[in-house]
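Student: Using only what follows, build the 3D model:
(one chain, ligands or ions: 1)
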Amino acid sequence: MVLLEEKLERVKDSEEKKEIKIGIVGAGYVGLVTSIGLAYKGFKVLVFEKNKEKLNLLKKGIAPFYEPDLQKFLLNSLNSGNLEFVDEISQLVKSCKHIYICVGTPIKEDQTYDMSFLDAAAKEIANHLPSNEQKIIIIKSTVPPGTAKWFKKIIYRYRRGKKTNIEIASIPEFLREGNAIYDFFNPNRIIIGVDNKSIIDDLTQIYHDFPAPILIVSTTEAELIKLASNCFLSTKISFINSISDICEKLGCDIENVRTGIGLDNRIGLDFLKPGIGFGGSCLPKDLEAIISLFKEKQVDPILFEAVKKINNDRITLLMNKIKKALWNIKGKIITIWGISFKAGTDDIRESPTLKLIPHLLNEGAYLVLYDPKATHNFKNQFPQYSINPNIKITEDIYESTVNSNLIVITNDWEEYKKADFFKIYELMETPIIIDGRNIINYPEILEYGFEYYRIGVIYEST
Ligand code: UDX
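Tutor: A predicted model of the protein is given here:
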């Protein structure tokens, strides 16, 4: 293990840095933010994205998904001339020494990662590798431990004995959706995984001026650090959700309890917010992946299975709260504020709302959905819901509450807090709120006359 301090002296100056050309394969959350961030820092960055529709949008300077400040930084990097989107992977393989792999690794039905995009990238790269120049391939996609080693082996296979000079690194990305640009420039740590120390200088040239410690480990250790970090965050969330359940039985307020727990420096308040469960493209996927990994290696995955079960049970608990609050669900209009898995993003992958909707439809409710950014993705990805007569999707928060019998809050946009609750009280038929993220100002909300229920506070009517 080597910390950056020992390496700083070898770092080249910033003029030399600007000569470094970096290739990025895949312009999803990680790839696009990394590309824009590195271009902003002065590197020349070439990006290949195989989805032509997305590539064309990016060439025009249009961000293909919502992320705060992304659009601004995209235009800035394009205008600076440091960022270029290319049509062929060969263009970046030929001209860049550093090639980042940021392709997707969705989870398959058997709960293991789908490595086909990585395999395809390895093949493409192998086809275009020059035999006389060294290339450093950096895996940034979220992958199971051991992937970097596999990737190198696969490239050699596809090269079929041709002269090849590549090294592999694993530099996992820890950015959060909704804070991606901020997190890129302000990481807590930079983990550089290498199996051949000769490339450390090449990599620290890129990372030396980030305001974070650099930890140098093996590629497999880097991959495990990423997986275990996300699973630790999931564990914290399921832990606090469990404690919130017992708070409801004991008549305690989880906000007081979690503050008391989190003020211990060893524990901390971050990721101790109770709610209706974690979603998104990373935490649920990595939890499945670690369970599969433990089973494959014959290590007991009991801890992570419990974390998963607690998370899955959140929707049942929420349904129980809804039933208890409404007494009869059939024929009721239920407003759902929240489609994305959290505030700050239009990403709806593994959003708890998607699990809630079928339960409510089965009970015979009419649903009105509102989200500040995610309605578009919802309509595109679930066309069957768009034409379902029992579901209405609105673009206006007040319209979503007209004649409603209940508002269920499933994600944590600031906009909800700032809504005019006097007006909403008048618009609703029965003014009841179930706040699945404890976001609304309490007890102020009671002054408007609402029946209001939150997570981890005694359930009796307030
Ligand atoms: C996560 C990791 O935080 C990030 O480091 C990694 O690179 C990618 O995966 P992200 O998926 O963007 O980031 O979301 P995150 O902010 O971690 O939230 C995940 C889920 O947990 C959300 O549904 C959120 O609402 C929920 N959550 C988060 C809680 O329920 N309680 C909390 O205290 C924090």
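Student: and the stretch 51-200 of the chain, which of its residues are near the ligand?
Tutor: Neighbours of the ligand within the stretch 51-200 of the chain, by C-beta under 6 Å from any ligand atom: 173-177. From N, CA and C alone the C-beta is placed, and that goes for glycine too.
Student: For the host helix or strand of residue 314, which outside residues touch it?
Tutor: Using DSSP states H and E, the element containing residue 314 is helix 302-326. Contacts of helix 302-326 with the rest of the structure, by C-beta atoms under 8 Å, 6 or more residues apart in numbering, involve 231, 234-235, 237-238, 241-242, 245, 275-278, 284, 287-288, 290-291, 294, 329, 332, 334, 352, 355-356, 359-360, 363, 405-406, 408, 432, 434, 436, 451, 453, 459.
Student: Out of those residues, which sit inside helices?
Tutor: If you go by DSSP state H, the contacts of helix 302-326 have 231, 234-235, 237-238, 241-242, 245, 284, 287-288, 290-291, 294, 352, 355-356, 359-360 in helices.
Student: Buried among those? Make that a ChimeraX selection.
Tutor: A single ChimeraX command is used to select the members of the ones in helices among the contacts of helix 302-326 judged buried by 16 or more other C-beta atoms under 10 Å:
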select :231,234,235,237,238,241,245,284,287,288,290,291,294,352,355,356,359,360
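Student: Out of the ones in helices among the contacts of helix 302-326, which are close to the ligand?
Tutor: Okay, of the ones in helices among the contacts of helix 302-326 touching the ligand (C-beta under 6 Å from any ligand atom), that's residue 237.
Student: State the number of residues packed around residue 184.
Tutor: 21 (other C-beta atoms under 10 Å).
Student: how would you label it: helix, strand or coil?
Tutor: Secondary structure, DSSP: H, G, I helix; E, B strand; the rest coil: residue 184 is helix.
Student: okay, now the nearest residue to it once chain neighbours are set aside: neighbour count?
Tutor: Spatial nearest neighbour of residue 184, excluding adjacent residues (C-beta to C-beta, 6 or more residues apart in numbering): residue 37 at 4.0 Å. Each residue near residue 37 was counted by other C-beta under 10 Å, and the total is 20.
Student: Report the secondary structure element holding residue 37.
Tutor: Judged by DSSP H and E, residue 37 forms part of helix 29-40.
Student: Briefly note if that helix comes near the ligand.
Tutor: No: residues of helix 29-40 are not located near the ligand by C-beta under 6 Å from any ligand atom, the shortest gap being 7.9 Å.
Student: Could you report the distance from the residue nearest to residue 184 to residue 183?
Tutor: Distance from residue 37 to residue 183, counting by C-beta to C-beta, to the nearest Å: 10 Å.
Student: Between those two, which contacts overlap?
Tutor: In contact with both residue 37 and residue 183: no residue, using C-beta under 8 Å, 6+ apart.
Student: how much space between the residue nearest to residue 184 and the ligand?
Tutor: Going from residue 37 to the ligand by C-beta to the nearest ligand atom, to the nearest Å gives 14 Å.
Student: which residues sit in contact with that residue?
Tutor: Residue 37 is in contact with 73, 181, 184-185, counting by C-beta under 8 Å, 6+ apart.
Student: Assumed residue 50 was part of a helix.
Tutor: No: applying three-state DSSP, one finds residue 50 to be coil, outside a helix.
Student: and it, what are its phi and psi?
Tutor: The phi/psi pair for residue 50 (degrees, to the nearest 10) reads phi -80, psi -20.
Student: any idea of the pLDDT on it?
Tutor: Residue 50 carries a pLDDT score of 94 in this model.
Student: Tell me how many other residues crowd it.
Tutor: Residue 50: 16 surrounding residues under other C-beta under 10 Å.
Student: same thing with residue 270?
Tutor: Other residues close to residue 270 by other C-beta under 10 Å number 9.
Student: what kind of secondary structure is it in?
Tutor: Secondary structure assignment for residue 270 (three-state DSSP): coil.
Student: mind listing what it touches?
Tutor: Applying C-beta under 8 Å, 6+ apart, the residues near residue 270 are 236, 262.
Student: how near is it to residue 233?
Tutor: Relative to residue 233, and taking C-beta to C-beta, residue 270 is found at 9 Å.
Student: How about residue 449?
Tutor: According to C-beta to C-beta, residue 449 stands 38 Å off from residue 233.
Student: the more surrounded of these two?
Tutor: The neighbour comparison of residue 449 against residue 233 (other C-beta under 10 Å) goes to residue 233, with 18 against 11.
Student: For the more buried one, which non-adjacent residue is spatially closest?
Tutor: Nearest residue to residue 233 in three dimensions, chain neighbours excluded: residue 271, at 5.2 Å (C-beta to C-beta, 6+ apart).
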